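Student: A structural model of the following input is requested.
(one chain, ligands or ions: 1)
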Amino acid sequence: SNARIGLIGLGTMGAALALNIADNGFPIAVWNRTTATTQEFHAGAGDLAGMITPTETLEELVASIAKPRAIILMVPAGQAVDDQIAALRPLLDDDDLIIDAGNANFHDTNRRADAAGDLPFLGIGVSGGEEGARFGPSIMGGGKRAYWDRVSDVLNAIAAKHDDTACATWMGEGGAGHFVKAVHNGIEYADMQMIAEVYGIMRDGMDMAPAAIGETFAAWDDGPLKSYLVEISGKVAAATDPKTGKPMLEVIVDAAGQKGTGRWTVIEAQHLAAPIPAIEAAVVARNLSSQLETRQAGEALFGAAPHHLPHDTLTLGTLEQALMAGKILCYAQGFDMIVKASESFGWALPLPEIAKVWRAGCIIRSAMLDDMATALGEDTGRNLMFAPRFATLLQENHNALRQVVAQAALHGLPLPALSSGLAYFDTMRTGRGTANMIQGQRDFFGAHGFARVDGGSGHHGPWGS
Ligand code: NDP
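Tutor: Reported below is the predicted structural model:
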């Protein structure tokens, strides 16, 4: 009973996390539903095997952990988590801590935290995929602060480091950590989609070969767009299929998968009336991508769009600038949603700390997040696009985004996320919009009343009957 912590679920993420914990000097006990997996895991743990206690029953797992115990669950979100908690609780003491480290929907985490009552429970979001889990993920914690403090030494040790700061932060009570992870994933969807859209312009509009596209992304990864997603996009574009010798991108089907976290973010944004159009567009784009046969029928019916851009219409520099503007706008939307949730759920979600925890370890890590952390710290509560540094960047780059969206529209290249980013920007700089017409229509058919520019609300129009 000397393990510092226990872990259930030795799948991709759980196995990597367990090795990371052991590697950082914490003895760990592990259990997996399928015992053979536990044995294989332990046999493959190499030098770390001595730090790991493999167990074959939950009772054995519990008996292997020092009190008060802490046990991480790394099983698929949903019923599996509820089932594991139900199986584990009767074996635990009242002050033992259960930590759900999977990708739970934060509403489920709120419910589980409520159901736990005084029994210790944490929900933590872990980002960074298998590599992150093994060598340093970004960790977003939720639940009672005192429970976080009980395991923060382990979590800080295994987390990614930005300079010397651990990317592990307590976000707030209940589902706060899983909520922040969901917004992270929403931003991830939009960032990926915008990169894919720019790839489409290079491929179809500029006739660039995958290798040249790869070089372009690699060059951008040396500039202001420096980020994990731009870096790996360059590597994906540059890769060759060992089977056919063709560029990998040519052999990959253009139908994107998803596990639902982006969708949760979009659904929650609607409940919160938080406008995140670029993230919504990215989720919609994935849904549309899977309608492969319908799109092929559409091309047969309507004909392929002209696509090819006349020479010199857009430069690679313009594309880079457009991607910068789009990226700022999608992050601004994500952070704005966090502010709305904070107000609505009674959390005090710390925006600069969130930007900081995303600087290393996670999928959306980027040079720009460093500046975002600074800007959000200086200018709390304001939409990121109005923070001086980012307002300047948008002033410098929004015309490039406009050129790209306009040329793409003229040549039939679909840019759902970039164009929605531009519409968001233009809406946010229009002091007098067009919702006066909406209010007129609503009053006309429903007597909903409207506010007048010269004062007062609840007015009605002279529409007659
Ligand atoms: P895997 O499918 O690789 O592993 C799932 C693990 O859960 C296996 O150990 C499996 O055991 C166990 N399991 C499955 N169902 C049950 C059940 N009903 N009861 C008990 N154990 C069960 O999943 P991942 O490691 O990829 O994902 C785990 C969690 O981490 C998920 O919530 C996922 O969303 C999240 N996550 C994943 C990331 C990734 O990049 N993969 C990134 C961030 C979070 P068995 O061997 O018996 O099948």
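
Student: mind listing what the closest residue to Pro210 other than its chain neighbours touches?
Tutor: Ranked by CB to CB, 6 or more residues apart in numbering and with sequence neighbours excluded, the top spatial neighbour of Pro210 is Pro247, at 3.7 Å. C-beta: built from backbone N, CA, C; applies to glycine. Residues in contact with Pro247 (CB atoms under 8 Å, 6 or more residues apart in numbering) are Ala209, Pro210, Ala211, Ala237, Ala239, Thr240, Asp241.

Student: reformat those residues as a markdown table; add secondary structure and distance to the ligand.
Tutor: Below are those laid out as a markdown table (DSSP: H, G, I helix; E, B strand; the rest coil; distance: CB to the nearest ligand atom, whole Å):
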| residue | secondary structure | distance to the ligand |
| --- | --- | --- |
| Ala209 | coil | 30 |
| Pro210 | helix | 25 |
| Ala211 | helix | 28 |
| Ala237 | helix | 22 |
| Ala239 | coil | 20 |
| Thr240 | strand | 25 |
| Asp241 | coil | 23 |
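
Student: narrow those residues to just the buried residues.
Tutor: Among the contacts of Pro247, the ones that count as buried by 16 or more other CB atoms under 10 Å are Pro210, Ala237.

Student: closest point of the stretch 51-200 of the chain to the ligand, which residue?
Tutor: Nearest residue of the stretch 51-200 of the chain to the ligand: Gly102, at 2.6 Å (CB to the nearest ligand atom).

Student: Three-state assignment for the residue nearest to the spatial centre of the chain, please.
Tutor: By CA atoms, centre = their mean, the chain has its centre lying nearest to Asn185, at 1.6 Å. Following DSSP: H, G, I helix; E, B strand; the rest coil, the label given to Asn185 is helix.

Student: dump the residue contacts of it.
Tutor: Asn185 makes contacts with Asn103, Ser127, Thr261, Gly262, Thr265, as judged by CB under 8 Å, 6+ apart.

Student: ok so, going back, the residue of the stretch 51-200 of the chain closest to the ligand belongs to a strand?
Tutor: No - using three-state DSSP, the secondary structure at Gly102 is coil, not a strand.

Student: my read: it touches Asp82, true?
Tutor: No - counting by CB atoms under 8 Å, Gly102 does not reach Asp82; the two are 11.7 Å apart.

Student: can you report how many residues lie near Val253?
Tutor: 8 (other CB atoms under 10 Å).

Student: correction: the previous question concerned Trp31.
Tutor: Close neighbours of Trp31, defined as other CB under 10 Å, add up to 26.

Student: the residue nearest to it when sequence neighbours are not counted: neighbour count?
Tutor: Leaving aside its sequence neighbours, Trp31 sits nearest to Leu61 (CB to CB, 6+ apart; 4.1 Å). For Leu61, the count of nearby residues is 25 (other CB under 10 Å).

Student: check contacts around the residue in the chain positioned nearest to the ligand.
Tutor: Nearest to the ligand in the chain, going by CB to the nearest ligand atom, is Gly11, at a distance of 1.7 Å. Shown in contact with Gly11 (CB under 8 Å, 6+ apart): Met74, Val75.

Student: would you agree Asp94 falls within a strand?
Tutor: No - secondary structure of Asp94 (three-state DSSP): coil, not part of a strand.

Student: in contact with it, which residues?
Tutor: Contacts of Asp94 by CB under 8 Å, 6+ apart are Asp118, Leu119.

Student: report pLDDT for it.
Tutor: If you check Asp94, the pLDDT there is 97.

Student: what's it sitting at in phi/psi?
Tutor: The phi/psi pair for Asp94 (degrees, to the nearest 10) reads phi -60, psi -20.

Student: same question for the one 3 residues further on.
Tutor: The main-chain torsion angles of Leu97 are listed as degrees, to the nearest 10 and equal phi -110, psi 130.

Student: so who does it touch?
Tutor: With contact set as CB under 8 Å, 6+ apart, Leu97 has these partners: Pro68, Arg69, Ala70, Ile71, Pro120, Phe121, Leu122, Tyr147, Arg150, Val151.

Student: what's the domain layout of this structure?
Tutor: Using automatic domain parsing, the domains assigned to the chain come out as 5-174, 182-428, 436-465.

Student: burial count for Gln333?
Tutor: Gln333 has 27 neighbours, counted by other CB under 10 Å.

Student: for it, what are its contacts?
Tutor: Here Gln333 is in contact with Ala190, Ala274, Pro275, Ile276, Pro277, Ala278, Ile279, Tyr424 (criterion: CB under 8 Å, 6+ apart).

Student: quick one: contacts for the last one?
Tutor: The contact partners of Tyr424, by CB under 8 Å, 6+ apart, come to Pro275, Pro277, Ala278, Leu329, Gln333.

Student: check which helix or strand covers it.
Tutor: According to DSSP states H and E, Tyr424 maps onto helix 416-428.

Student: hang on, Thr169 in a strand?
Tutor: Yes - counting by three-state DSSP, Thr169 is part of a strand.

Student: show the model's pLDDT score for it.
Tutor: At Thr169, the pLDDT recorded in the model is 97.

Student: can you pull up the bridge partners for it?
Tutor: Counting by DSSP bridges, Thr169 is bridged to Met140.

Student: same question for Ile98.
Tutor: Beta-bridge partners for Ile98, by DSSP bridges, are Ile71, Phe121.

Student: tabulate the CA atom coordinates of the helix holding Tyr424 in CSV.
Tutor: Output in CSV follows, covering the C-alpha atoms of helix 416-428 (Å, rounded to 0.1, in the frame of the first residue of the first chain):
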residue,chain,number,x,y,z
PRO,A,416,-16.6,28.4,-43.8
ALA,A,417,-14.5,29.3,-40.8
LEU,A,418,-12.4,32.1,-42.3
SER,A,419,-15.4,33.8,-43.8
SER,A,420,-17.4,33.5,-40.6
GLY,A,421,-14.4,35.0,-38.8
LEU,A,422,-14.5,38.0,-41.2
ALA,A,423,-18.2,38.4,-40.7
TYR,A,424,-17.7,38.4,-36.9
PHE,A,425,-15.0,41.1,-37.3
ASP,A,426,-17.1,43.3,-39.5
THR,A,427,-20.1,42.8,-37.2
MET,A,428,-18.1,43.7,-34.2
